[in-house]
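J.: quick one: sequence plus predicted model below, questions after.
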Amino acid sequence: MATVQQAILKNQPSAKDKLDLIPDAIKNQQVTEVKSSNAPALTNSTALSAIGGLSGAEKSAVEGSILAPVSSITGISSSAAPIAAESFSTGITTKPSIQPTTSSSLTSRPFFPFFFPKFIIGTPRSDLLVGTGSTDIVLGLGGDDLIFGLGGNDILLGNDGHDVMFGGFGDDRMFGGRGNDYVFGDFGNDTIFGDSGNDVLFGDAGKDTVNYSTLGTAITLLPRGIIDKGRFGRDELVDVEKIVATPGKANTIDASSARSGASINVNLQKQSLQVNLAGGSTLNFTVQNFVNVKGAALNDNITGDNKNNQLTGGAGSDEITGAGGKDTLVGVDPSSFKPGTKEIDILTGGSGRDKFVLGDSRNVYYQGGGIFGLNDYAFIEDFRSGQDKFQLKRGNYVFGRNFIAVQKGFIFNKFDSVAAGAARSSEPNVAQVENAVDNIIKGNNPDLSKVTTGVGAQISSAAWPTDNDSSSSRLIAPVQLDIIAITENRYNFSDIDFV
């Protein structure tokens, strides 16, 4: 027998630096080595009777390795029956004791013997299971097991207990199972399957994936690699490039508790997440089956997909695009003090019946005022009357004063350019609000000395740092706006939900 720590240092000295991630209680656990030298090459599907209780991704992984379905397994030998019965309740009558599990007495017929992995099974106790230099299937069963895959593209299954697993070389598939597990992919492009328990999942070298697709519940990806699984526990991910959530669940990327100086760029259509850290460095991930996003405290860029997304920018000046689906877009952090203060958020719903949340029962968003709402406002690019909805706090908005929705292209009267002192033309031309707003968003704020305020306020071309047009623009509405919405068609007050 040996402790987990002793066995790690003996079988994989390069993992010494990972010992600090493993609690002392587990490192000091005694394990008994189950020898693999006599483990049979898996040359026939009959050998799989010993793991006939597998299901889901575990079953698929094993079947894929031996090119045979578990359901077709027959002919288990009597010496292997105790393993199957004790571990998976297959209904086979057995003796009460469990015999060594690497017996070569499993009956078999040759079937692509050059391809099949070696089959190593533990006991209900705490075992040390060491693979070979080629491809193995290693099953820990019960107990707190220590498993090494070594070489080859292994399948490692911890099952019950608080297991420690090292993939070694190769592209391994690793299942911690139930319990608080410590799984290290090591070298290769590994896939680690998340299960219940508070696990530490360390991808290490290569392009590694943590897959929760069979967990059956929604997960939340939090800063610093934390996965909140609800009643199933919380995991910590380290050196992982791809996270796969359960399809059809309300999986969320939540950066709202990120450290100061961080922001995110998320595109759910492209399944991409970029984390922008203080100092200019970035981290890039692939995120699959996520539906909702909450931004960080700085300026985020968030794009949804064809699902019904809940997209929240949080603090900072955010750009949010719903894309397809029935989306809910929130530019601010609703739980903050005076949500929207000093923010300029750009909200685009895309196709579908979208809701733009611009206030709630407790707070009015974007109450900054200033010339043309320069301190803060929400700019909605594609509102469709009769399809989309605004949500506002009741009694705090006056149309044309701090909130305006206008048909695309009809907010400015733009007068012809004339020589100094000459009379202006009486024939106004129509300009688009986007031109002025784009200048502001890009940081080209007007020179306030060249701006008149009030109804009919004028912003001359000289007010902008750069302008492709020498003419001036006259605002029809007052300039202290909190919400500016461009509509695809006519606007009705029935488009507003007051709360």
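T.: Happy to help now that I have it.

J.: residue ranges with poor pLDDT in the stretch 101-250 of the chain?
T.: Scanning the stretch 101-250 of the chain for pLDDT under 70 picks out 101-117.

J.: give me the phi and psi angles of residue 495.
T.: phi -80, psi -10 (degrees, to the nearest 10).

J.: give me the neighbour count for it.
T.: Counted with other Cβ atoms under 10 Å, residues neighbouring residue 495 total 19. C-beta coordinates here come from the backbone N, C-alpha and C atoms, glycine included.

J.: ok, now the one 3 residues further on?
T.: By the measure other Cβ under 10 Å, the count of residues near residue 498 is 14.

J.: just to check, it is in contact with residue 390?
T.: No. Using Cβ atoms under 8 Å, residue 498 is not in contact with residue 390, being 9.2 Å away.

J.: quick check: neighbours shared by these two?
T.: When contacts are counted by Cβ atoms under 8 Å, 6 or more residues apart in numbering, residue 498 and residue 390 have no shared neighbour.

J.: tell me the domain boundaries of the protein?
T.: Per automatic domain parsing, the domain ranges recorded for the chain read 1-211, 406-485.

J.: may I have the beta-bridge partners of residue 137?
T.: With DSSP bridges applied, residue 137 shows beta-bridge pairing to residue 119, residue 155.

J.: so residue 174: helix, strand or coil?
T.: Classification of residue 174 using DSSP: H, G, I helix; E, B strand; the rest coil returns strand.

J.: tell me the bridge partners for it.
T.: residue 156, residue 192.

J.: going forward, the N-terminal residue is numbered 14.
T.: Right, with 14 as the first residue, what we last looked at is residue 187.

J.: contacting residues around it?
T.: By Cβ under 8 Å, 6+ apart, the neighbours of residue 187 are 162, 168-169, 178, 180, 196, 198, 203-206.

J.: same check on residue 234?
T.: 240, 256, 264-267, 286, 300, 303.

J.: equivalent analysis for residue 308, please.
T.: Neighbours of residue 308 in contact, by Cβ under 8 Å, 6+ apart: 268-269, 276-277, 315, 325-327, 329, 331.

J.: ok, residue 15 next?
T.: The contact partners of residue 15, by Cβ under 8 Å, 6+ apart, come to 23, 43-44, 46, 141.

J.: quick one, phi/psi of it?
T.: phi -150, psi 160.

J.: skipping its backbone neighbours, what lies nearest residue 276 in space?
T.: Computed as Cβ to Cβ, 6 or more residues apart in numbering, the closest residue to residue 276 that is not its neighbour in sequence is residue 311, at 3.9 Å.

J.: that neighbour contacts residue 272, doesn't it?
T.: No. Between residue 311 and residue 272 there is no contact under Cβ under 8 Å: 10.6 Å.

J.: more neighbours, these two?
T.: residue 311 (19 against 12).

J.: assumed the more buried one was part of a helix.
T.: No. Under three-state DSSP, residue 311 sits outside any helix and is assigned coil.

J.: quick one: it from residue 287, how far?
T.: 13 Å (Cβ to Cβ, to the nearest Å).

J.: now the common contact residues for those two.
T.: Between them, residue 311 and residue 287 share no contacting residue, judged by Cβ under 8 Å, 6+ apart.

J.: which strand residues bridge the closest residue to residue 31 other than its chain neighbours?
T.: The shortest distance from residue 31 to any non-neighbouring residue, by Cβ to Cβ, 6+ apart, is to residue 197 (5.9 Å). Beta-bridge pairing for residue 197 (DSSP bridges): residue 179, residue 215.

J.: how about the contacts made by residue 197?
T.: By Cβ under 8 Å, 6+ apart, the neighbours of residue 197 are 28, 31, 178-180, 215, 217.

J.: any of those buried? List them.
T.: 28, 31, 178-180, 215, 217 (16 or more other Cβ atoms under 10 Å).

J.: for these, which one is nearest residue 340?
T.: residue 215 (35.4 Å; Cβ to Cβ).
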